[in-house]
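> let's see this in three dimensions:
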Amino acid sequence: MTEEVRVINVLLVEDDPGDVLMTREAFDEYLHNRLDVVTDGAAALAYLRNEPPYTDAPRPDLILLDLNLPRRDGREVLAEVKADPVLAYIPVIVLTTSQAEEDVLRSYQLHANAYVTKPVDFEGFIEAIKQIDHFFVSVVQLPSGRSADSVG
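Numbering: from 1, shown residues only. Alright, predicted model coming up:
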């Protein structure tokens, strides 16, 4: 009996081209999930709300969010996502270079589901992405985006 592979939609909100490239490589080489990328906080909110030019964007099952973003800071994006009843159920993993205790604390106060400091080396970064993926695809039960929209 073969194990069914569940495919999820992941939204990466990241402005560093190198980190985007490494994340895409991890997804292409090791993971079977769909990865969409936006490079600033305003685009992330437009994507999540299906505003132009993202009117046909799928609802992500998981958000990987950098904190230090142009246009809208990652903390602002996190606060808006978790305050919106249509989006609040989506797990948000803060994936950032910051190890500052105030960033960790503030992210959890804003209801981040996890806080991961990006490893600086390529192998460590790939391994972190693989572990996040494994946890959220194989271990955790995620809500269905379709049914969560109707939850009152």
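> quick one: low-confidence residue ranges for this protein.
Across the chain, residues meeting the criterion (pLDDT under 70) sit at 1-5, 142, 144-152.
> where exactly do the helices run in it?
Listed in chain order, the helices of the chain (DSSP state H) span residues 17-30, 41-48, 74-83, 101-109, 122-134, 145-148.
> redo those as a markdown table? Include distance to residue 59 and mean neighbour count.
To be clear about C-beta, it is placed using only N, CA and C from the backbone, and glycine gets the same treatment. Compiled in a markdown table, those are given as follows (distance: least, Cβ to Cβ, whole Å; neighbours: other Cβ atoms under 10 Å):
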| stretch | distance to residue 59 | mean neighbour count |
| --- | --- | --- |
| helix 17-30 | 18 | 15 |
| helix 41-48 | 8 | 22 |
| helix 74-83 | 12 | 20 |
| helix 101-109 | 22 | 14 |
| helix 122-134 | 18 | 16 |
| helix 145-148 | 4 | 12 |
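> could I get those helices as JSON lines with distance to residue 60?
As requested, the helices of the chain are exported to JSON lines (distance: least, Cβ to Cβ, whole Å):
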{"stretch": "helix 17-30", "distance to residue 60": "13"}
{"stretch": "helix 41-48", "distance to residue 60": "7"}
{"stretch": "helix 74-83", "distance to residue 60": "10"}
{"stretch": "helix 101-109", "distance to residue 60": "18"}
{"stretch": "helix 122-134", "distance to residue 60": "13"}
{"stretch": "helix 145-148", "distance to residue 60": "8"}
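> so which of those gets nearest residue 11?
Among the helices of the chain, helix 41-48 comes nearest to residue 11, with 6.4 Å by Cβ to Cβ.
> wait, isn't residue 81 in contact with residue 49?
No: with the criterion set as Cβ atoms under 8 Å, residue 81 and residue 49 do not qualify as a contacting pair; they are 10.0 Å apart.
> need the overlap of contacts for these two.
Each of residue 87 lies in contact with both residue 81 and residue 49 under the rule Cβ atoms under 8 Å, 6 or more residues apart in numbering.
> okay, residue 100 and residue 34: tell me how far apart.
Between residue 100 and residue 34 the distance is 32 Å, computed by Cβ to Cβ, to the nearest Å.
> measure stretch 56-71 end to end?
When the termini of stretch 56-71 are compared using Cα to Cα, to the nearest Å, they are 22 Å apart.
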